[in-house]
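Novice: task: produce atomic coordinates for the following.
(chains A, B, C and D)
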Protein chains: 4
Amino acid sequence: MQVTLVSYTPNPELTIAVAARSSASSLSAAKLWDTLSLRQVENLLKQLLESGHLSPFEHANFTFVIEGISRVTSHQLVRHRIASYTQQSQRYVNVKGHSYVTPPTVLSRPEFLIKYQQAIESAHKLYCDMVEAGIPYEDARYILPQAVETQLVMTMNARELLHACSLRLCLRAQWEIMELFGRIKSEVEKVASYLGSELKPKCYRLGYCDERESCGIFATRTAAGTK
Amino acid sequence: MQVTLVSYTPNPELTIAVAARSSASSLSAAKLWDTLSLRQVENLLKQLLESGHLSPFEHANFTFVIEGISRVTSHQLVRHRIASYTQQSQRYVNVKGHSYVTPPTVLSRPEFLIKYQQAIESAHKLYCDMVEAGIPYEDARYILPQAVETQLVMTMNARELLHACSLRLCLRAQWEIMELFGRIKSEVEKVASYLGSELKPKCYRLGYCDERESCGIFATRTAAGTK
Amino acid sequence: MQVTLVSYTPNPELTIAVAARSSASSLSAAKLWDTLSLRQVENLLKQLLESGHLSPFEHANFTFVIEGISRVTSHQLVRHRIASYTQQSQRYVNVKGHSYVTPPTVLSRPEFLIKYQQAIESAHKLYCDMVEAGIPYEDARYILPQAVETQLVMTMNARELLHACSLRLCLRAQWEIMELFGRIKSEVEKVASYLGSELKPKCYRLGYCDERESCGIFATRTAAGTK
Amino acid sequence: MQVTLVSYTPNPELTIAVAARSSASSLSAAKLWDTLSLRQVENLLKQLLESGHLSPFEHANFTFVIEGISRVTSHQLVRHRIASYTQQSQRYVNVKGHSYVTPPTVLSRPEFLIKYQQAIESAHKLYCDMVEAGIPYEDARYILPQAVETQLVMTMNARELLHACSLRLCLRAQWEIMELFGRIKSEVEKVASYLGSELKPKCYRLGYCDERESCGIFATRTAAGTK
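Specialist: The predicted structure is shown next:
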């Protein structure tokens, strides 16, 4: 899996802060641009997060190239509707390589790992044979295992990144999409360290775990006795 | 594949017409409800469609249970972001049956059909063995072919149905999703015959084909000399 | 102000419950329809709300006719983007009546109330004079006070209703939009009593107040010592 | 009115082109970044526009500071739901200045212009008096004419810019929002000349006018005899 931040709103945190400040200021947003200090920006973002006033975070956008994830995970990923995706098409592109994802639980079981790899290879061979015999890519791909790798270009704004990470960095998420958003977080941290540091599981925001069983980081609401 | 319209906005066409009429009327929308005739409703919808004023169509919603489509097609389907989906989870549900979709191009090639079925059966058997040996459903499913059947509940409003059908009933769409939207159209026609009849490929709306090559129903724009 | 629920997804709570249950069941959603008891439905909705799994709530839609709110409030309302609106147009409709909203803080101050009413009347008279003299409605309206009444048809799904009410029923919201969502809640309660009862300010969901100062219902997070 | 493009996705046209190309290519999107020539980019964008494959345009985002538009126009503007807005709040900000928009049709009628200005001044004075007497900003503003100026920060992606301009640059749009999108187009043209040149009324895309009466640029569909 490879995640590359290929483009983003320049000065993403400043952009968010200026937008937020402008809503409660008689000053022009254009003027605020030059007057907010780094410290003010971070304080402002902190306040917005604590009070749940998240809409200004929409003004910062991030575009990622995501390579080498399975179609299992791309199917989960695109369920986040407030984002833009362009995915490599299996209708028009020949799936040439033997690139497939193997889950860790299979990797650690040698008795299944070999069968898993063989099953993938024989499915892939059948795909190639059908393609060669004139069956369209779009139909031949029905035989490919869901482990088959795909790539996408994804643009997501900071508000949706906060939301998606709150779900997908939770230990209840599946390992592959958790790894994906872990890498997304790392990429964001490189260019917006405070924002990146705030991409975290929902329990950190709530102060408790809202799942049925806690992983241990935060107690569940009932256990915590919050209400 | 089975598509069942399980719920929808009662009087969907009237709801759209009343909303549309209320925007240019000093009358209360509540009063318009009782005064529009069936003929007026249909004329109003026709005008809205011709002039591209589509937002009133959003007030009519349709909820479908969709069963027996492949994960190939569900992955395409959920790319329509202006809709609501609840999909059967392969994380929490054991894929017990042997239900898989076979493309017509494979069905018509006996030499591949047998291999296709064998590949599916052996992949499915490996899935079952791994599940039995304690590998979680969510990981075992990586080996399942994309042909594996899934089911969803989908709610889509009439504006998005018009849009999705304009793309997915085009002969450039893949056969399975074209069949899916064909069945969706049939279900809508049962309860809203005019609206259902207007669910059609984009060329009918445009008056020309905007793809590179026409299927023959409408000429391409260049060929038509429209501009 | 008048709010009328003119249409909605029949059996809204059952629709939500069936969708939710189908995602973790090997049963067909169509079959679940007939098997869930009222008690099961309510328990299921409760679990979904507590764990923040809100997407199934999108399958239930509600269409309201909203009359007699100010353009102040309609401007706030349409900022909820995940909903459908058809608003009475001031471009094409002559604002004939003298219908304007007066805030309670003005109503209770006789010295301003008279001036307020006079200002509205003289603005309205100028509007009428300009219209009569051939100035288009769309331009004459610039002189109308923001208190001028408007009407809309709005369709919003239950997930967005939960979200909008969590913000707009908070005592920090402005009185007019709070009243609007209070009436929306009442309308929903008539046809979906459990769902309606769950339309409440965000603090009830969070277990604490996330605003800077609490209104007293729940302590702020710092005061509560949750974190 | 002042429109300033304060931030945008760097290399917006390249970003769109790379995303588009990657969907039908076995190459990595990251590699495509360095290989597309300016001419290839423009050709690709042209093809996408002609065939209506618009989703890759979502990857380029533009953030504008918009100052000095009326609340009439901001209310129209925020109806474009696929965008992010942060508007100056009249709940928390004192409307100090006398900044109001005057429509050209009023400007050209001296007999009304004076009354218009007087009505604005007296409404504004009442606002100030009420604020001074302790009536909250959020309530005092009910008396302000809809002509009152506001400012917003808006982020919109290129796909939605194409859509919004197709409607708002049409001569059927109101003059103020037409001017607004004219300025938005100018700002985009400075940094993405091809994309900017493609922000134009819908008739240019359709090849005919879909309104009831044509302004003359393109004939209506019936007149054109397209169908």
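Novice: and the longest helix for chain A?
Specialist: helix A:110-132 (DSSP state H).
Novice: confidence score at the residue positioned nearest the centre of chain A?
Specialist: Note on chain A: the residue nearest the mean C-alpha position is A:F181, at 3.9 Å, using Cα atoms, centre = their mean. Per-residue pLDDT puts A:F181 at 98.
Novice: do you know the pLDDT at the closest residue to it other than its chain neighbours?
Specialist: Spatial nearest neighbour of A:F181, chain neighbours left out: A:R168 (4.2 Å); criterion: Cβ to Cβ, 6 or more residues apart in numbering or on different chains. Heads up, the C-betas are built off the backbone N, CA and C, glycines and all. Per-residue confidence (pLDDT) for A:R168: 98.
Novice: A:R168 against A:R183, yeah?
Specialist: No. Assessed by Cβ atoms under 8 Å, A:R168 is found out of contact with A:R183, at 11.2 Å.
Novice: find the nearest non-adjacent residue to A:Q117, please.
Specialist: A:T102 (7.7 Å).
Novice: doesn't that neighbour lie inside a helix?
Specialist: No. Counting by DSSP: H, G, I helix; E, B strand; the rest coil, A:T102 is not found in a helix; it is coil.
Novice: all strands of chain A, in order?
Specialist: Listed in chain order, the strands found in chain A under DSSP state E are A:2-8, A:61-70, A:84-87, A:149-157.
Novice: looking at the ones you listed, which is closest to A:A173?
Specialist: The closest of the strands of chain A to A:A173 is strand A:61-70. By Cβ to Cβ, the value is 13.6 Å.
Novice: shaky segments in chain A?
Specialist: For chain A, applying pLDDT under 70 flags the ranges A:98, A:224-227.
Novice: ranges for the helices of chain A?
Specialist: Secondary structure of chain A by DSSP H: the helices cover A:12-23, A:29-32, A:38-51, A:71-77, A:104-107, A:110-132, A:137-140, A:158-168, A:175-191, A:193-197, A:202-206, A:221-224.
Novice: so of those helices, which one's packed in deepest?
Specialist: helix A:12-23 (a mean of 25; mean count of other Cβ atoms under 10 Å in any protein chain shown).
Novice: ok, residues contacting that helix?
Specialist: A:9, A:28-29, A:32-33, A:36, A:40-42, A:44-45, A:48, A:53, A:56-57, A:59-60, A:62, A:158, A:191-192, A:194-195, D:6-7, D:63, D:65, D:86-89, D:92, D:151, D:153 (Cβ atoms under 8 Å, 6 or more residues apart in numbering or on different chains).
Novice: also stretch A:201-220?
Specialist: A:49, A:165-167, A:169-172, A:221, A:223-224, A:226, C:50-52, C:206-208, C:221, C:226-227.
Novice: domain ranges for chain A, per the record?
Specialist: Under the assignment automatic domain parsing, the domains of chain A span A:2-67+A:150-224, A:104-143.
Novice: could you dump the ones you listed into CSV with distance to B:A20 added?
Specialist: Formatted as CSV, the domains of chain A follow (distance: least, Cβ to Cβ, whole Å):
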stretch, distance to B:A20
domain A:2-67+A:150-224, 30
domain A:104-143, 39
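Novice: just so I know, which of those lies nearest B:Y142?
Specialist: Across those, closest to B:Y142 is domain A:104-143 (Cβ to Cβ), at 7.3 Å.
Novice: distance of the most far-flung residue of chain A relative to its centre relative to A:A140?
Specialist: Here the centre of chain A is the reference, and by Cα atoms, centre = their mean the most remote residue is A:A133, at 37.9 Å. Applying Cβ to Cβ, to the nearest Å, the value for A:A133 to A:A140 is 9 Å.
Novice: try A:T63
Specialist: Counting by Cβ to Cβ, the gap from A:T63 to A:A140 is 31 Å.
Novice: ditto for A:W33
Specialist: Counting by Cβ to Cβ, the gap from A:W33 to A:A140 is 53 Å.
Novice: among the domains of chain A, which comes closest to C:V106?
Specialist: Nearest to C:V106, of the domains of chain A and by Cβ to Cβ, is domain A:2-67+A:150-224 at 23.0 Å.
Novice: so what's A:L32 up against?
Specialist: Residues in contact with A:L32 (Cβ under 8 Å, 6+ apart) are A:V18, A:R21, A:S22, A:S25.
Novice: who's the closest residue in space to A:I184 that isn't next to it in sequence bridged to?
Specialist: Spatial nearest neighbour of A:I184, chain neighbours left out: A:V3 (5.8 Å); criterion: Cβ to Cβ, 6+ apart. Counting by DSSP bridges, A:V3 is bridged to A:I66.
Novice: burial of A:V3, as a residue count?
Specialist: When neighbours are defined as other Cβ atoms under 10 Å in any protein chain shown, A:V3 has 20 of them.
Novice: test my guess that A:Y8 contacts A:F64.
Specialist: No. The criterion here is Cβ under 8 Å, and A:Y8 misses it with A:F64 at 9.1 Å.
Novice: how near is A:Y208 to chain B?
Specialist: In this view, A:Y208 and chain B are 23 Å apart by Cβ to the nearest Cβ, to the nearest Å.
Novice: right, I mislabeled it, should have said A:S122
Specialist: For A:S122, the distance to chain B - Cβ to the nearest Cβ - is 6 Å.
Novice: and that residue, what does it touch?
Specialist: Each residue near A:S122 by Cβ under 8 Å, 6+ apart is listed here: B:A119, B:S122.
Novice: likewise A:T102?
Specialist: Counted by Cβ under 8 Å, 6+ apart, A:T102 has contacts A:L113, A:Y116, A:Q117, A:A147, B:Y142.
Novice: with distance to D:I69 added, can I get the helices of chain A in CSV?
Specialist: Below are these laid out as CSV (distance: least, Cβ to Cβ, whole Å):
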stretch, distance to D:I69
helix A:12-23, 14
helix A:29-32, 13
helix A:38-51, 25
helix A:71-77, 37
helix A:104-107, 55
helix A:110-132, 56
helix A:137-140, 48
helix A:158-168, 24
helix A:175-191, 32
helix A:193-197, 30
helix A:202-206, 35
helix A:221-224, 45
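Novice: which of the ones you listed sits closest to B:H75?
Specialist: Nearest to B:H75, of all these, is helix A:71-77, at 4.9 Å by Cβ to Cβ.
Novice: tell me if that closest one is near chain C.
Specialist: No. With Cβ under 8 Å from any Cβ of the partner chain as the criterion, chain C is not reached by helix A:71-77; the gap is at least 12.8 Å.
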